[in-house]
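**Q** After the sequence you'll find the predicted model.
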Amino acid sequence: MKRTQLIATGALASTALLVLTGCTGGGGSAESNGPITLTITDTLSETSAPIYEEVYEVCAEQVGVTVEASHVAGSGLIAKVLQQASSRTLPDILMLDNPDVQQIASSGALSPLGDYGITGEGYPQGILDAGTYEGDLYGIAPVVNSIGLFYNADLLAEAGVEPPQTWDELKAAASALTDGSRYGIAFSAANSFEGTWQFLPFLWSNGGSEDDLTSPEAVEALEFVNGLVADGSASSSVVGWSQNDVNDQFIAGNAAMMINGPWNMPKLTAAEGLNFESIEIPVPTAGDTTIAPLGGEAFTVPQTGDPAKMAAAGEFVACVTEDEHQITMATGRGAVPSSTAAAETAAADNPLINSFVETVQNARARTALLGEEWPAAATSIYTAVQIALTGQASPAEALEQASS
């Protein structure tokens, strides 16, 4: 049985409350003195929420609980969670964007998933790093994403251009594909974490690091990206484009290639007459490994002070992250299942995500190196990119300014 009701709160523009009822009699394994109702707070959109709700319903029945799921806007979630932690009103299950897991875990608001037998065995290390704080796993993502290079196969064929594998090939391809009002490549260099997210593959694949933005490797990476704008292969408007804007430019034919994520697959596939493919983001030299950032939301079990409900919540999270459910959620969202086995199955069924499956195996958690200090580093990165691409300073000077 499902019942959906929209309610409004002061902190959030709107919250969708979904009640899912499982069999609390003999079918479930949750133990308590009576029926258990678990509250879930997630950050799902109107598009993705129904996909997850199907899985919630199955797992509610399997565990033997009733689930009340609230879908909230991610922008205000962290402040609300910290307030809930101090007032002991946290939900039983909490979805967090993976860069936020360490911050919330450091506050003592989360319980280690190992307490419920969740180890993340069979997951790439980057996914585990994203959910780990001080050696314990606190968050587990059923599906993840990253970014890659999409290209218009027809335009490349017309220009006699092969899909680029290296930076030199990418620069040459972007130049050759630039024609009139059409740019060779589009990407987001916005004054936000999106701009940082899209720069990271160039920084990391070149051996650069967020803890030393003035290194030769970091400077070289920014010089390369800046060069794409300077030579006219990319629009100077990239400094104001979100990833959604980039996708729109690509679909409209205003860019022959773009850097973006698999969540765009449904919209790209629906675009009339668009013959597109995706590959991993080109690397500095042949033989290098693409190292891109890892995206995705992780499920956590907050410290609520109720051992029975926490145990049931842990069992529910274990169910939600089973391989078959990962594939269901990934297929609906244009994402990659987290477990390597499930990802390989998904890639076999949908070759369009194959390059992203490859990328995820080597993807890096944004908080893996700096932990709670990541947001400050991310701000420095997108600030440096903005300074350089708007011509205010050279890439080396921009990185120096942003780091000081």
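**A** That came through, no problem.

**Q** Give me the below-cutoff pLDDT ranges for this structure.
**A** Applying pLDDT under 70 to the chain flags the ranges 1-33.

**Q** Spatially central residue for it, please.
**A** What sits nearest the mean C-alpha location of the chain, by CA atoms, centre = their mean, is residue 295, with 2.0 Å.

**Q** In contact with it, which residues?
**A** 98, 144-146, 197, 261 (CB atoms under 8 Å, 6 or more residues apart in numbering). Using the backbone N, CA and C atoms, a C-beta is placed for each residue, glycine as well.

**Q** Let's see that with 7 Å instead.
**A** The contact partners of residue 295, taken as CB atoms under 7 Å, 6 or more residues apart in numbering, are 144-146, 261.

**Q** right, and out of those residues, which lies closest to residue 371?
**A** Nearest to residue 371 among the contacts of residue 295, counting by CB to CB, is residue 144 at 19.1 Å.

**Q** Could you say which helix or strand holds that closest one?
**A** strand 143-144 (DSSP states H and E).

**Q** who's in contact with that strand?
**A** Residues from elsewhere that reach strand 143-144 (CB under 7 Å, 6+ apart): 127, 294-296, 326, 329-330, 333, 335-338, 360.

**Q** Reformat those as CSV; add secondary structure and distance to residue 155.
**A** What follows is the contacts of strand 143-144, written out as CSV (DSSP: H, G, I helix; E, B strand; the rest coil; distance: CB to CB, whole Å):
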residue, secondary structure, distance to residue 155
127, helix, 34
294, coil, 30
295, strand, 27
296, coil, 31
326, helix, 34
329, helix, 33
330, helix, 29
333, helix, 28
335, coil, 27
336, strand, 26
337, strand, 31
338, coil, 34
360, helix, 27
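
**Q** Can I get those in TSV including distance to residue 269?
**A** Formatted as TSV, those follow (distance: CB to CB, whole Å):
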residue	distance to residue 269
127	26
294	24
295	20
296	21
326	21
329	18
330	15
333	13
335	14
336	16
337	19
338	23
360	20
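
**Q** okay, the host helix or strand of residue 221 in CSV with CA atoms only?
**A** If you go by DSSP H and E, residue 221 is part of helix 216-230. Below are the C-alpha coordinates for helix 216-230, written out as CSV (Å, rounded to 0.1, in the frame of the first residue of the first chain):
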residue,chain,number,x,y,z
PRO,A,216,53.5,22.3,-12.1
GLU,A,217,51.0,19.6,-12.7
ALA,A,218,48.1,21.8,-11.6
VAL,A,219,49.3,24.7,-13.6
GLU,A,220,49.7,22.6,-16.7
ALA,A,221,46.1,21.3,-16.3
LEU,A,222,44.7,24.8,-16.1
GLU,A,223,46.8,25.9,-19.0
PHE,A,224,45.3,23.2,-21.1
VAL,A,225,41.7,24.0,-20.2
ASN,A,226,42.3,27.7,-20.6
GLY,A,227,43.8,27.1,-24.0
LEU,A,228,40.6,25.6,-25.3
VAL,A,229,38.8,28.9,-24.6
ALA,A,230,41.8,31.0,-25.7
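
**Q** Helix or strand next in line after that helix, which one?
**A** helix 243-251.

**Q** which strands and helices sit next to that following helix?
**A** strand 183-186, strand 255-260 (3 or more CB pairs under 7 Å, 6 or more residues apart in numbering; DSSP states H and E).

**Q** change it to 6 Å
**A** strand 255-260 (3 or more CB pairs under 6 Å, 6 or more residues apart in numbering; DSSP states H and E).

**Q** quick one: the strand it packs on to helix 216-230, angle?
**A** Here strand 255-260 runs at an angle of 150 degrees relative to helix 216-230 (axes from the mean of the first three to the mean of the last three CA atoms, to 10 degrees).

**Q** Next, the angle from strand 255-260 to helix 243-251.
**A** Interaxial angle, strand 255-260 versus helix 243-251 (the same axes, to 10 degrees): 150 degrees.

**Q** contacts for strand 255-260?
**A** 147, 149-152, 155, 177, 183-187, 198, 243, 246-247, 249-250 (CB atoms under 6 Å, 6 or more residues apart in numbering).

**Q** and if you look at stretch 214-229?
**A** Outside stretch 214-229, the residues that reach it (CB under 6 Å, 6+ apart) are 167, 174, 202-203, 206-208, 234, 236, 388-389, 395-396, 399-400, 403.

**Q** in that stretch, what's buried?
**A** Residues of stretch 214-229 classed as buried under the neighbour-count rule (16 or more other CB atoms under 10 Å) are 215, 217-226, 228-229.

**Q** With stretch 142-154 instead?
**A** Residues 142-152 are the ones in stretch 142-154 that count as buried (16+ other CB under 10 Å).
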